[in-house]
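> okay, predicted coordinates and the sequence, questions at the end:
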Amino acid sequence: MKPQPLAHWGLNTSRLVFGCMGLGGDWTNGPITKEHVHQAEQVTEAALEAGISMFDHADIYRSGKAELVFGQMLKARPSLRDNMIIQSKCGIRFADGDVPGRYDFSKQYILNSVEGILKRLGIETLDILLLHRPDPLMEPNEVAEVIESLYTSGKVKRFGVSNMSAAQIRFLQQASSQPFIVNQLEISLAHLHFLDQGVHINQEAGTSVNFADGLLEHCHTEHIQVQAWSPLAKGIFSGQPIDGASEAVRQTAALVAKLAQQKETSQEAIVLGWLMRHPSRIQPVIGTTNLQRIVACRDAERQADLMTREEWYQLYVSARGVKLP
């Protein structure tokens, strides 16, 4: 079995990541409750039992309450921290009065964001910090300065990005001595641009594809872990209602169900296994808070290892809805 890209940087982690966006109640600034903390305990236990040791946050999730409720859980059960890799993201700012929602990679904003993340989580060091979405006003030297400050102070061990192209990563990396080791992107059977960009080279159909040229290849070459957000595509291929869905979605959901039955596994494991079969060693970030669905994901790595090229292409072409060029 080939090692994960994160192993190159000395991080031993699970093939799956648990995304914590669903924790903490609603997206207001209202209080968290005992029920919210109990939910965090339940889903964390289910994730750990499923072999998931990496947990993904962002300072904006539930207006900070996802981190806060996770921190309260860790305070009550501090031994859990020893078995976790915790990453969070910053750089997205909500609308404020007349000022619209925006991105902010300024030094002071990133510093303040990390202080808030650490305080809400109740930890002294964040394992990985991701810059959430590319800021058009980002200054590489300023970003590099704040990254070095966070690293030397021991507040952040490693760094990465989210939703960035290869050119944007190189733009930041040339100024920073700290490597960017993660890039989190939307990738799934319902979001196939990451594959279509490659197969549509010199094809007219490629003009409708929206994925940065050479991004997967750059991440693979530089040992940057590609993480997939929304990898289950809200469950449309694994049993969730698909009223009004396209024929491609319906046929692919049926194919997933057929493969799951043949292999005596879950539909979630087939969908995630398809992603993980890719040579980029994609690391899915599952966001469900349904305990049964968390457990259903645990067989994904095995299914990735068992999946044949023919099965992988069956799923890809079915989800595309049209044959390959």
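The structure has been received and is ready for your questions. Numbering: from 1, shown residues only.

> residue boundaries of the helices in the protein?
With helices called from DSSP state H, the chain shows them at 5-8, 34-49, 65-76, 107-121, 140-152, 166-173, 193-199, 215-221, 247-263, 267-276, 291-296, 300-306, 309-320.

> distance to I282 for those helices - can I get that in TSV?
(C-beta placed from N, C-alpha, C; glycine too.) Below are the helices of the chain laid out as TSV (distance: least, C-beta to C-beta, whole Å):
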stretch	distance to I282
helix 5-8	10
helix 34-49	18
helix 65-76	23
helix 107-121	25
helix 140-152	25
helix 166-173	16
helix 193-199	9
helix 215-221	9
helix 247-263	17
helix 267-276	5
helix 291-296	19
helix 300-306	9
helix 309-320	12
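
> which one of the ones you listed is the most hemmed in?
Among the helices of the chain, helix 267-276 has the highest mean neighbour count (mean count of other C-beta atoms under 10 Å), at a mean of 27.

> okay, it in PDB with CA atoms only?
The C-alpha trace of helix 267-276 is given here as PDB (Å, rounded to 0.1, in the frame of the first residue of the first chain):
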ATOM      1  CA  GLN A 267     -22.900   2.200  -0.300                       C
ATOM      2  CA  GLU A 268     -20.900   4.900   1.500                       C
ATOM      3  CA  ALA A 269     -17.800   2.700   1.400                       C
ATOM      4  CA  ILE A 270     -18.200   2.200  -2.400                       C
ATOM      5  CA  VAL A 271     -18.600   6.000  -3.000                       C
ATOM      6  CA  LEU A 272     -15.600   6.900  -0.800                       C
ATOM      7  CA  GLY A 273     -13.600   3.900  -2.000                       C
ATOM      8  CA  TRP A 274     -14.000   5.200  -5.600                       C
ATOM      9  CA  LEU A 275     -12.400   8.500  -4.600                       C
ATOM     10  CA  MET A 276      -9.600   6.800  -2.600                       C
END
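
> which strands and helices lie in contact with that helix?
helix 247-263, strand 283-286, helix 291-296, helix 300-306, helix 309-320 (3 or more C-beta pairs under 8 Å, 6 or more residues apart in numbering; DSSP states H and E).

> how about those, which one is nearest I117?
With C-beta to C-beta, the closest approach to I117 among these belongs to strand 283-286: 17.2 Å.

> pull the distance from the closest one to the chain's centre.
In terms of C-alpha atoms, centre = their mean, to the nearest Å, the gap separating the centre of strand 283-286 from the centre of its chain is 5 Å.

> and for the closest residue in space to N83 that isn't next to it in sequence, the neighbour number?
Sequence neighbours aside, S53 is the residue nearest to N83 in space, at 5.9 Å (criterion: C-beta to C-beta, 6 or more residues apart in numbering). Burial measure for S53: 18 neighbouring residues, criterion other C-beta atoms under 10 Å.

> all set, thanks.
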